[in-house]
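A.B. asks: got a predicted structure here, sequence first:
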Amino acid sequence: MRRLILPLLTASYFSLSLIFAVLIWRNGGGWGAGVAGLAGALGLCFTFHGLITGVLGQSALRKEVETLRHAHRLLVGQIEQIDARVGEVLETVALDAQRRSEELSTEVQMLEDLVTRMSERLDERLADGVVGGPADGARPGWRERLQTVREALVSGRVDLYLQPVVNLPQRRTLFYESYTRLRDESGRVLMPAEFLTVAEPEGLVAAVDNLLLFRCVQIVRRLAQTDKKVGIFCNISTSSLSDEGFFPQFLELMAQNRDLAGSVIFEIGQSAYDTRTSTAARNMARLAELGFRFSLDKVRRLDMDFQELARSDVRFLKIGAQSLQDEIVESGEGPVFRALPDLAAQDFATLARRYGVDIIAEKIEDERQTVEVLELDIAFGQGHLFGEPRAIRGAILAETDPPADYLQAPLRRRAGERA
């Protein structure tokens, strides 16, 4: 449209000028006067056109400048707001980092106190030649294994292994189970069957539980930073739950980390749960008040009181896949479990879920067992088929370690006193 305006205006100016020239000629002015009138009229029209165009252009330019100034003011305001928000974020991050550092220092100090006390107690027993296990003749190598366990704990040769727990049939990792493995001086891995036989009588299981828990907390926080919403099953012994010297500090540590209540699940064996002391039951309830949940593994007996499990905040049961199949017998109405003859086998998991308890089929080794587990309507699986327990990489494990000095200092001090 703008391209047509100038030709139309030019034609209009020429027409007006031509009319003016014709009027001069008709009134006797002659051809010369007419041509002069035409030229003068054209010049006058274009002069006025230029003046008007300039005024309009300046007005438009002033409007554009004012618009730019307004946009600049808005931009400056937004930049100031963003700068203020960035400052708030940086301050929040700094405060959060300081808070986390203080919390971690508190956790380390608490763990130091626990390990120090246990190490000194064990050192005294070893120095006096008193151990709580069987006589050397009854079980050869007991004292040597005890010394190996002690040195592994004090030297920090404690590794953390994680095994995935997946949902079925999608096989997406939702949890990890954590395991503790000790190493002797040669680097040989000590399996639980080796070190627990000497650690339990000497009260060292609480130290192992503490190291495991400390690392689990740090691993969960690391996973949370990468937006991985997973939980970790952390084994804890009933002896630790019953230890009045250990548990108050343990409870304080968990109270400071209660934001992880949805991610850390404490796991104990079924037989240990059934025979737990009133002190252990009371301390489990105190953990449940903080929002932490429990899991039972090594389940052998299926005729359980699910109402009691729900009251104790037990939310998971781990049952071996082969154990489930071994318990199934045929009846007139289909497969049932020996311990639950009035309940169809495929309804067992549904019954548990009504009380907020999920069944995890563990030790799944092949696809056949997976199919059998799915036929029982079990929603979670664990086993070598989905992933073997893997050690946490050294760099990551080092981040979860308490400082090595304080683990070694108590025994060095004791050794110096005896010398």
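C.D. replies: In hand now; what should we look at?
A.B. asks: okay, strands next: where are they in the stretch 251-400 of the chain?
C.D. replies: Secondary structure of the stretch 251-400 of the chain (DSSP state E, counting those that start in this stretch): strands located at 264-269, 293-297, 314-320, 328-331, 334-337, 340-344, 358-362, 380-382, 390-391.
A.B. asks: can you put the ones you listed in TSV and add mean neighbour count and mean pLDDT?
C.D. replies: Backbone N, C-alpha and C define where each C-beta goes, glycine included. Below are the strands of the stretch 251-400 of the chain laid out as TSV (neighbours: other C-beta atoms under 10 Å; pLDDT from 0 to 100):
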stretch	mean neighbour count	mean pLDDT
strand 264-269	21	93
strand 293-297	22	95
strand 314-320	22	96
strand 328-331	12	90
strand 334-337	16	91
strand 340-344	13	91
strand 358-362	24	96
strand 380-382	23	96
strand 390-391	14	86
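A.B. asks: TSV for these, including distance to V22?
C.D. replies: Formatted as TSV, these follow (distance: least, C-beta to C-beta, whole Å):
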stretch	distance to V22
strand 264-269	103
strand 293-297	104
strand 314-320	105
strand 328-331	117
strand 334-337	115
strand 340-344	113
strand 358-362	103
strand 380-382	102
strand 390-391	104
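A.B. asks: closest to E185 out of those?
C.D. replies: Smallest distance to E185 across the strands of the stretch 251-400 of the chain (C-beta to C-beta): 18.1 Å, for strand 390-391.
A.B. asks: and the closest one, how far out from the chain's middle?
C.D. replies: Counting by C-alpha atoms, centre = their mean, to the nearest Å, strand 390-391 is centred 18 Å from the centre of its parent chain.
A.B. asks: which strands border it, and is each parallel or antiparallel?
C.D. replies: Note on strand 390-391: by DSSP bridges, its sheet partners are strand 158-167 (antiparallel).
A.B. asks: ok, residues contacting the next helix-or-strand element following the partner strand?
C.D. replies: Scanning forward in sequence from strand 158-167 by DSSP states H and E, the next helix or strand is strand 173-183. The contact list for strand 173-183, computed with C-beta atoms under 8 Å, 6 or more residues apart in numbering, reads 148-149, 152-153, 157-167, 189-192, 195, 208, 211-212, 215-216, 219, 230-235, 265, 267, 380, 382, 386-387, 389, 391.
A.B. asks: from Q382, how far off is E365?
C.D. replies: Applying C-beta to C-beta, to the nearest Å, the value for E365 to Q382 is 11 Å.
A.B. asks: ok, R157 next?
C.D. replies: Going from R157 to Q382 by C-beta to C-beta gives 27 Å.
A.B. asks: okay, and for the stretch 201-350 of the chain, where does confidence drop off?
C.D. replies: 201-204, 206-207, 225-228 (pLDDT under 70).
A.B. asks: the stretch 251-400 of the chain: helices as residue ranges?
C.D. replies: Assigned by DSSP state H, counting those that start in this stretch, the stretch 251-400 of the chain shows helices spanning 270-274, 278-289, 306-311, 321-327, 348-354, 367-375, 394-399.
A.B. asks: ok, which of those comes nearest P248?
C.D. replies: Going by C-beta to C-beta, the one of the helices of the stretch 251-400 of the chain nearest P248 is helix 278-289, 9.4 Å.
A.B. asks: list the helices and strands that closest one packs on?
C.D. replies: The elements that helix 278-289 packs onto, with contact taken as 3 or more C-beta pairs under 8 Å, 6 or more residues apart in numbering; DSSP states H and E, are helix 238-242, helix 247-256, strand 293-297.
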